[in-house]
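J.: Sequence first, predicted coordinates after that:
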Amino acid sequence: MKDLKEFGTVHKSQILIIGGACSGLTAALTAKESDPDVDILITDMACASKGWAGKAARTAGLISFVGEGKDPEEFVQYNLKEIGFYLNDQHLLRDMAYNSRRIVEHLETWGVSIEREENGHFAVAKWPFPWVTGGIDPDMCKHMAAKANEYGVRFQDYIEIVELLKDGDRVVGACGFHVKDGSFHIFLADVTILACGSQNFDITPIWCSTGVSQSLAYNAGAEMRNCEFCGMGDFARTDGQGHLFYGMHGGAHIGHDHLYYNGENISQKWRPGFHSSMDPNAANAWYQEYKQGHWPIQIDMEKFNAEGGGGEFFHFHPEAFRRYMRHHEIGGYPFDHQVFNVVPGVISEMSAVRVGHSMETTVPCLLAIGDTSGSGSARAGAVPAPPAKIHGTGLLNAVYMGTRGGETAVALVHTLSRLPVEIHVDADRIEAIKEETYAPLNRKDGISPRDIIHEIQEAIAPCDYVFVKSEDRMKEALDIIRDAASKLDNMKVDNYHDLVKCVEAKAMALCGELFYRTSMMRKESRGFHLREDYTEMDNKNWLKWIIVQNQNGEMTFRTENVPIEQYDYPLPENRE
């Protein structure tokens, strides 16, 4: 029998966490506080051991939660009625609502700075909504990683995971390569946690995850849920000189209520009232006005602030705000302007790995947390998640799901320790994975994975493909993705950094197909799934989740009724 060490370095642990950013670190710290002796290994493509991994390391500054004086039940109801449109898992939503403040407070024990007032209370934005937004340390992952090292968590940085390993139906680890020296690594574990982000199709500078987590889970046979709620309509600001400010909280999602054409507030025209950020109807307002030839669309920041539009509500952590301003100064952001032209944009956020209330996937011994499974948990409902439509809940989602995942992982380890189970891995399969992984380096000629990625982005970035949908346009986009996917076996690269792009190109092609096929299947409009050919929400036929699964290499689809009769909040009569 072949020794696994013939193929690369072998690592063993009780818990393997793939992804060492906010959710992964939270899971590790929670698990260690539950059982200090549990052996945990975190691996990440970046330098997670120092807290330099994931989105939070770049964008922390705001965290939203159900704070003092806010009613968790109102938070649940708001999410159901205004965000998720009753596709929510109400039990999971309620659990997050009631535990959010406690979980946020616990971050401080890990060295994370959350802005407080002189009286000791959190310094928060008191929205006219059932949550608050506080300022949080942009170096939160740095401090959490330091605490994880202190607790004895082990790290293996700079590893791109290419496949999960299975023993029968059970996931028993993963394998991948070192992005600097190209060495192959095999990870064996009792419990594996996916915490390596969502699929953003690498469109924006900040929300730029490439969906490897989604392909890892799908290829291992895990069920996927809510793939169709991936495209989030947003805006990019322009300065009239060809400069585009997009992806650094530079979209207009804090100004969705203040989009103007010729002095008329078209946001209020299409969707009256003050709303939380990233609203699909406000984004659709721009699209409908543009189709009528109304251009340019502008945001008037003077009116935004004068009318209590929301600018005064945000309380960034002071250090986060300093860095935010500095980045814009470096980029030449036009602060002397108060009226901005805006152009359409899409922020994709596929986090569709299905999990239950304990963050368990449908594959034994595989958990998924944070951006990997935000939508797949169904907590947020008919919206890309995180952060859905509540600015600052991306971090809340990460620490909440990380906490639950860490608790579950330890319980699973203890259970497995009492059972006569051993890990058996097919050495021939690992040899085949290794050969396939390095194949692009060994080809004499071929296509660059970057070219394939750019082709896929042509199908996943336009608003009228992704955000405002129709059957014919989605078929066009799917054809583009399938054409790009047909070239994956001919990728050619010359270095390990570009070898990562091969893994990402495969993930993007897969996720693009998942998105469009489920979007065509859901024949209604709901949340961030807007169809011109099915304009109404249809609770009679589509109060359902679409479930996708890889069964013996075939992409299979089915629907599952939302168990509304098991929940506390039924559909309002006028929505039946």
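T.: Looks like it came in fine. This is a predicted model, so every value here is computed, not measured. Numbers count the residues shown, from 1 in each chain.
J.: so where do the strands sit in the stretch 401-550 of the chain?
T.: Taking DSSP state E, counting those that start in this stretch as the test, the strands found in the stretch 401-550 of the chain are 468-469, 530-531, 544-551.
J.: which stretch among these comes nearest Phe65?
T.: Among the strands of the stretch 401-550 of the chain, strand 544-551 comes nearest to Phe65, with 26.0 Å by CB to CB. Where you see a C-beta, it was placed from the backbone N, CA and C, and this is true even at glycine.
J.: Mind giving me the packing neighbours of the closest one?
T.: When contacts are defined as 3 or more CB pairs under 8 Å, 6 or more residues apart in numbering; DSSP states H and E, strand 544-551 packs onto helix 212-219, strand 224-225, helix 496-521, strand 554-561.
J.: need the ones you listed in TSV with mean neighbour count, can you?
T.: Listed next are these as TSV, based on neighbours: other CB atoms under 10 Å:
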stretch	mean neighbour count
helix 212-219	26
strand 224-225	26
helix 496-521	23
strand 554-561	12
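J.: okay, the strands of the stretch 401-550 of the chain in CSV with mean pLDDT and distance to Ser417 next?
T.: Shown next, in CSV, are the strands of the stretch 401-550 of the chain (pLDDT from 0 to 100; distance: least, CB to CB, whole Å):
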stretch, mean pLDDT, distance to Ser417
strand 468-469, 93, 49
strand 530-531, 94, 49
strand 544-551, 98, 30
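J.: With mean neighbour count and distance to Gly233 added, can I get those in JSON lines?
T.: Output for the strands of the stretch 401-550 of the chain, formatted as JSON lines (neighbours: other CB atoms under 10 Å; distance: least, CB to CB, whole Å):
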{"stretch": "strand 468-469", "mean neighbour count": "24", "distance to Gly233": "8"}
{"stretch": "strand 530-531", "mean neighbour count": "20", "distance to Gly233": "8"}
{"stretch": "strand 544-551", "mean neighbour count": "18", "distance to Gly233": "20"}
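J.: hang on, the earlier thing: now tabulate the helices and strands packed on strand 544-551 in TSV and tack on mean pLDDT and distance to Ile547.
T.: Output for the helices and strands packed on strand 544-551, formatted as TSV (pLDDT from 0 to 100; distance: least, CB to CB, whole Å):
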stretch	mean pLDDT	distance to Ile547
helix 212-219	98	12
strand 224-225	98	6
helix 496-521	98	9
strand 554-561	98	5
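J.: ok so, going back, got TSV for the strands of the stretch 401-550 of the chain, with distance to Ala282 too?
T.: TSV is the format used below for the strands of the stretch 401-550 of the chain (distance: least, CB to CB, whole Å):
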stretch	distance to Ala282
strand 468-469	13
strand 530-531	12
strand 544-551	26
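J.: Between these, which one is closest to Leu216.
T.: strand 544-551 (11.2 Å).
J.: thinking again about what came up before, closest to Gln268 out of the helices and strands packed on strand 544-551?
T.: helix 496-521 (28.8 Å).
J.: Work out the gap between the closest one and the centre of the chain.
T.: 15 Å (CA atoms, centre = their mean, to the nearest Å).
J.: Which strands and helices lie in contact with that helix?
T.: If contacts are counted by 3+ CB pairs under 8 Å, 6+ apart, helix 496-521 sits against strand 159-167, strand 170-178, helix 212-219, helix 427-442, helix 449-460, helix 471-485, strand 544-551, strand 554-561.
J.: contacts for the fifth one?
T.: Helix 449-460 has contacts (CB atoms under 8 Å, 6 or more residues apart in numbering) with 201-203, 231, 346, 348, 440, 465-466, 476-478, 480-481, 483-484, 487-488, 491, 493, 498, 501-502, 504-505, 508-509, 512, 515.
J.: can you map out the helices along the stretch 201-350 of the chain?
T.: Using DSSP state H, counting those that start in this stretch, the helices of the stretch 201-350 of the chain run over 212-219, 266-270, 280-291, 301-306, 318-330.
J.: Would you mind giving those as JSON lines with distance to Glu160 added?
T.: Shown next, in JSON lines, are the helices of the stretch 201-350 of the chain (distance: least, CB to CB, whole Å):
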{"stretch": "helix 212-219", "distance to Glu160": "8"}
{"stretch": "helix 266-270", "distance to Glu160": "42"}
{"stretch": "helix 280-291", "distance to Glu160": "34"}
{"stretch": "helix 301-306", "distance to Glu160": "41"}
{"stretch": "helix 318-330", "distance to Glu160": "27"}
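J.: quick one: which of those is nearest Asp538?
T.: helix 280-291 (16.4 Å).
J.: mean confidence for that closest one?
T.: Confidence for helix 280-291, expressed as mean pLDDT, is 80.
J.: May I have that helix as CSV, with CA atoms only?
T.: Extracted C-alpha coordinates of helix 280-291, given in CSV (Å, rounded to 0.1, in the frame of the first residue of the first chain):
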residue,chain,number,x,y,z
PRO,A,280,-33.1,45.6,-4.2
ASN,A,281,-36.0,47.9,-4.9
ALA,A,282,-33.8,51.0,-4.7
ALA,A,283,-31.3,49.5,-7.0
ASN,A,284,-34.1,48.5,-9.4
ALA,A,285,-35.3,52.1,-9.4
TRP,A,286,-32.0,53.1,-11.0
TYR,A,287,-32.4,50.3,-13.6
GLN,A,288,-36.0,51.3,-14.5
GLU,A,289,-35.1,55.0,-14.8
TYR,A,290,-32.2,54.2,-17.0
LYS,A,291,-34.3,52.1,-19.3
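J.: tell me which residues of that helix are tucked away?
T.: Pro280, Ala282, Ala283, Asn284, Ala285, Trp286, Tyr287, Glu289, Tyr290 (16 or more other CB atoms under 10 Å).
J.: can you check stretch 262-277 too?
T.: Buried residues in stretch 262-277, counted by 16+ other CB under 10 Å: Asn265, Ile266, Ser267, Gln268, Trp270, Arg271, His275, Ser276, Ser277.
J.: How about residues contacting it?
T.: Contacts of stretch 262-277 (CB under 8 Å, 6+ apart): 82-83, 127-129, 253-254, 256-260, 279, 281-282, 284-286, 288-289, 294, 297, 308-310, 389-391.
J.: Repeat that for stretch 421-439.
T.: With CB under 8 Å, 6+ apart as the contact definition, stretch 421-439 has outside contacts at 1-4, 6-8, 162-163, 165, 167, 172-173, 175-177, 182, 184, 186, 188, 190, 499.
J.: and these, which are buried?
T.: 4, 7-8, 162-163, 165, 167, 172-173, 175-177, 184, 186, 188, 190, 499.
J.: any chance of the buried residues of helix 280-291 in CSV, plus distance to Pro572?
T.: Shown next, in CSV, are the buried residues of helix 280-291 (distance: CB to CB, whole Å):
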residue, distance to Pro572
Pro280, 19
Ala282, 23
Ala283, 25
Asn284, 22
Ala285, 24
Trp286, 29
Tyr287, 27
Glu289, 30
Tyr290, 32
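J.: Between the residues you listed, which sits nearest Val413?
T.: Distances from Val413 to the buried residues of helix 280-291, taken by CB to CB, are shortest for Pro280, at 41.4 Å.
J.: Quick check: the gap between the closest one and Lys166.
T.: Computed as CB to CB, to the nearest Å, the Pro280 to Lys166 distance reads 38 Å.
J.: what pLDDT, on average, does stretch 370-388 get?
T.: Mean predicted confidence for stretch 370-388 is 92.
J.: and that stretch, how far from the chain's centre?
T.: The answer for stretch 370-388 is 7 Å, by CA atoms, centre = their mean.
J.: coming back round to it: for the helices and strands packed on strand 544-551, could you give me JSON lines that also reports distance to Val421?
T.: Shown next, in JSON lines, are the helices and strands packed on strand 544-551 (distance: least, CB to CB, whole Å):
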{"stretch": "helix 212-219", "distance to Val421": "22"}
{"stretch": "strand 224-225", "distance to Val421": "27"}
{"stretch": "helix 496-521", "distance to Val421": "30"}
{"stretch": "strand 554-561", "distance to Val421": "29"}
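J.: nearest to Glu108, of those?
T.: The nearest among these, by CB to CB, is helix 212-219 at 28.3 Å.
J.: now the closest one against strand 554-561, angle please.
T.: Going by axes from the mean of the first three to the mean of the last three CA atoms, to 10 degrees, helix 212-219 is angled at 90 degrees with respect to strand 554-561.
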